[in-house]
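Chemist: Fold the following for me, if possible:
(chains A, B and C)
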Amino acid sequence: MPELPEVETIRRGLSSLLIDKVIARAIVHDSPKSFPNDIASIEQFLYAAKVVAVRRRAKVLIIDLSSQYSLVVHLKMTGQLVYRGTEVFGGGHPTDSLIGELPDRSTRVTLTFSDGSHLFFNDQRKFGWMKLMPTIEIPNLDFMKKVGPEPLEDSFTAQEFIPRVRRRNNTSIKAALLDQTVFAGVGNIYADESLWGAGIHPAQKVREVSDEQLASLLHEVKYVMNLSIAKGGSTDRNYVNAEGKRGSYIDFARVFRREGLSCPRHPDVLVEKLKVAGRGTHICPVCQVIQ
DNA sequence: CACTTGACCTGTCCGC
DNA sequence: TGCGGACAGGTCAAGT
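Modeler: Below is the predicted model of the structure:
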């Protein structure tokens, strides 16, 4: 589900909602990939631990606890982390959250804090996971060892990007963008949006894309991701932020999920949908032509 | 090694 | 209405 801008939006929300909360209880409803820890370590390192920081690396969220342990969460396709406080609502709108009463049938883990508030980990498709592990061991996860740089860091320039992406010279530029070892955080939405922005066909081989085009593509990646963060992420189907609310980037999307609608640059040309790198892919057939 | 494909799951949508 | 199949924003294992 969420890509870098969605995970960053959730991180910001959780950071303001969870810091200094103390975990009192955890319930794993149905999530075989979450909490393989034994009861003793849960009691020792989760219960009574205080949230000290909420970080993000790539599409992974890290909730650091005062016990020197962390909750590490990957939302994959349909995961959500939704915080509910203890407010008691009278009549009228209980909340403008997109989702209703929690826990619901997709809730995999419920964390309860000492003030009675809750954090719900929902995941319709059960691809995601939440793990409890020593904070110091996070960098040793296979994923963390392999994942590439953060693209929104100022230090990540075309000079860094070009040699990394050229390691994938024989594959399509879209597959290379989705490859988290080249750099972190792009998924299907921002791959399509940035390729449209740079005027590159997603199926173009990396070796056939010039350095100048690659520099332009990186610029577009940064642009669409920063814009999306400013809009609170993209809600196409499942994504909601920490308060259960949708993001609005999808309203600004130029090609993603816009097949049959006009290209913003060409009112008479319709966006087409095809399959590239095994993924649904959206292009303007005039802006994006195989060279 | 580089690259592609299928699997992991559940829910929804579309055509018959 | 019911049913089958395709598809969904991510990643990993197994295949070529």
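Chemist: Quick one: residues contacting residue A:132.
Modeler: When contacts are counted by C-beta atoms under 8 Å, 6 or more residues apart in numbering, residue A:132 is found next to A:35, A:37, A:41-42, A:45-46, A:69-72. C-betas here are computed from N, CA, C, even on glycine.
Chemist: Residue A:54 too?
Modeler: A:11, A:14-15, A:18-19, A:61-64.
Chemist: swap the cut-off to 10 Å and go again
Modeler: By C-beta atoms under 10 Å, 6 or more residues apart in numbering, the residues touching residue A:54 are A:10-19, A:61-64, A:70-71, A:81, A:242.
Chemist: Over to the residue of the stretch 1-150 of chain A at minimum distance from DNA strand B. Which of the three states is it?
Modeler: Nearest residue of the stretch 1-150 of chain A to DNA strand B (C-beta to the nearest atom of the strand) works out as residue A:125 at 3.2 Å. Reducing the assignment at residue A:125 to three states with DSSP: H, G, I helix; E, B strand; the rest coil gives coil.
Chemist: Now do the contacts for the residue nearest to it when sequence neighbours are not counted.
Modeler: Residue nearest to residue A:125 in three dimensions, not counting chain neighbours: residue A:78, with 4.6 Å by C-beta to C-beta, 6 or more residues apart in numbering. Contacts for residue A:78 were tallied using C-beta under 10 Å, 6+ apart; they are A:1-2, A:106, A:122-128, A:237-239.
Chemist: Mind doing that once more with 6 Å?
Modeler: For residue A:78, the contacting residues are A:1, A:123-125, A:238, by C-beta atoms under 6 Å, 6 or more residues apart in numbering.
Chemist: Equivalent analysis for residue A:82, please.
Modeler: A:120, A:244 are the contacts of residue A:82 under C-beta under 6 Å, 6+ apart.
Chemist: One more: residue A:160?
Modeler: With C-beta under 6 Å, 6+ apart, residue A:160 has no contacts at all.
Chemist: Where does it sit, in terms of helix or strand?
Modeler: Using DSSP states H and E, residue A:160 sits within helix A:158-165.
Chemist: Return the distance of that helix from the chain's centre.
Modeler: 22 Å (C-alpha atoms, centre = their mean, to the nearest Å).
Chemist: Now render the contacts of residue A:78 as JSON lines, adding pLDDT, distance to residue A:223 and neighbour count.
Modeler: Converted to JSON lines, the contacts of residue A:78 look like this (pLDDT from 0 to 100; distance: C-beta to C-beta, whole Å; neighbours: other C-beta atoms under 10 Å):
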{"residue": "A:1", "pLDDT": "65", "distance to residue A:223": "22", "neighbour count": "24"}
{"residue": "A:123", "pLDDT": "96", "distance to residue A:223": "30", "neighbour count": "28"}
{"residue": "A:124", "pLDDT": "95", "distance to residue A:223": "31", "neighbour count": "16"}
{"residue": "A:125", "pLDDT": "94", "distance to residue A:223": "30", "neighbour count": "12"}
{"residue": "A:238", "pLDDT": "90", "distance to residue A:223": "25", "neighbour count": "21"}
